[in-house]
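A.B. asks: next one to model:
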Amino acid sequence: MSLRIFHIIFVVVCIMLATFVALWGLREWRATGSTSALGFALVFMASGVALIFYARRVVEKLRDLP
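C.D. replies: I've put the predicted structure just below:
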């Protein structure tokens, strides 16, 4: 497996993890009304969005590599 493929797979897994944790935080916020759970969810939502932009940039940059 090339470093390029490994990197893309790793970033995709990180995006999925950030989405899962954000949904978990939202579910906890709904159940308990805790502001820390809401903050947790917002941080991971922002991380997921940032990782999506990062992934797009990396794919464009690494497109020419074998």
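A.B. asks: pull the number of nearby residues for F44.
C.D. replies: 20 (other Cβ atoms under 10 Å). (Each C-beta comes from the backbone N, C-alpha and C, glycine too.)
A.B. asks: count the neighbours of E28 for me.
C.D. replies: Count around E28 with other Cβ under 10 Å applied: 16.
A.B. asks: same deal with A22?
C.D. replies: 20.
A.B. asks: verify the stated contact: it with G48.
C.D. replies: Yes - applying Cβ atoms under 8 Å, one finds A22 in contact with G48, separated by 6.2 Å.
A.B. asks: phi, psi for G33 please.
C.D. replies: phi 80, psi 20 (degrees, to the nearest 10).
A.B. asks: for it, report the pLDDT, please.
C.D. replies: G33 is assigned 92 on the pLDDT scale.
A.B. asks: what of L65?
C.D. replies: Taking L65 on its own, its pLDDT is 72.
A.B. asks: flag the shaky bits of the protein, pLDDT-wise.
C.D. replies: 66 (pLDDT under 70).
A.B. asks: many thanks, I have nothing further to ask.
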